[in-house]
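> My questions concern the predicted model and sequence given below.
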Amino acid sequence: MILGIDPGERRVGVAIADDETRFARPLEVIDLREVDAPERIAALVDELNIRMIVIGRPVGLSGRAGPAVEAQKIFVDAVRTAVAVQVVEYDERLTSVVAEQGLRAAGADRGARKRIKDAVAAQVMLQGYLDGRA
């Protein structure tokens, strides 16, 4: 199993994928005001037998590192310290936009979009990673 993480300022989206099906799905959203994200991610690694974590890297449309890079580096280091599995970074460009558009197209109301958008963005990012490896 592979965990996909889309870190944000207030929330962290989490998705999961099976190596056999190569299909990512949203798992949960971690609210950073309530939960220590690296600690929760470590718990998920243990509970779900995760062998790898893919963390979204903030990249601008130009391909250059986005403004959230420093915070993301700190987050990645904290996750790497908390878990004993491989942690890789992957371009998360436009994942939130794609997630929002998909949820709107599916008819999700504003409240539902707000609750799950980050997990869907993690799904989009993780699926991109999986498709790129195929």
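Cool, the structure landed.

> Doesn't Ile30 lie inside a strand?
Yes: the secondary structure assignment for Ile30 places it in a strand, going by DSSP: H, G, I helix; E, B strand; the rest coil.

> In contact with it, which residues?
By CB atoms under 8 Å, 6 or more residues apart in numbering, the contact list for Ile30 reads Arg11, Val12, Gly13, Val14, Ala37, Arg40, Ile41. No exception for glycine: its C-beta is placed from N, CA and C like everyone else's.

> let's go with 6 Å and repeat that
Val12, Ala37, Arg40 (CB atoms under 6 Å, 6 or more residues apart in numbering).

> can you tell me how far it sits from Glu47?
Distance, Ile30 to Glu47, by CB to CB, to the nearest Å: 14 Å.

> Phe23 now?
In this structure, Phe23 lies at 20 Å from Glu47, with CB to CB as the measure.

> go on, Val12?
Taken as CB to CB, the span from Val12 to Glu47 is 16 Å.

> Between the two, tell me which one has more neighbours.
Relative neighbour count places Val12 above the other of Val12 and Glu47, with 26 against 8, counting by other CB atoms under 10 Å.

> hang on, isn't the more buried one packed against Ala37?
Yes: taking contacts as CB atoms under 6 Å, Val12 lies within contact range of Ala37: 4.8 Å.

> can you pull out the strands in the protein?
In the chain, strands defined by DSSP state E lie at 2-7, 11-17, 24-31, 52-57, 86-91, listed in chain order.

> Determine which stretch of those is the most buried.
Highest mean neighbour count of the strands of the chain: strand 2-7, a mean of 27 (counted as mean count of other CB atoms under 10 Å).

> what angle do it and strand 24-31 make?
Taking axes from the mean of the first three to the mean of the last three CA atoms, to 10 degrees, strand 2-7 and strand 24-31 form an angle of 40 degrees between their directions.

> Show me what strand 2-7 packs onto, helices and strands only.
Using 3 or more CB pairs under 6 Å, 6 or more residues apart in numbering; DSSP states H and E as the contact criterion, the neighbours of strand 2-7 among helices and strands are strand 11-17, strand 52-57, helix 110-133.

> so which of these comes closest to Glu89?
strand 52-57 (4.2 Å; CB to CB).
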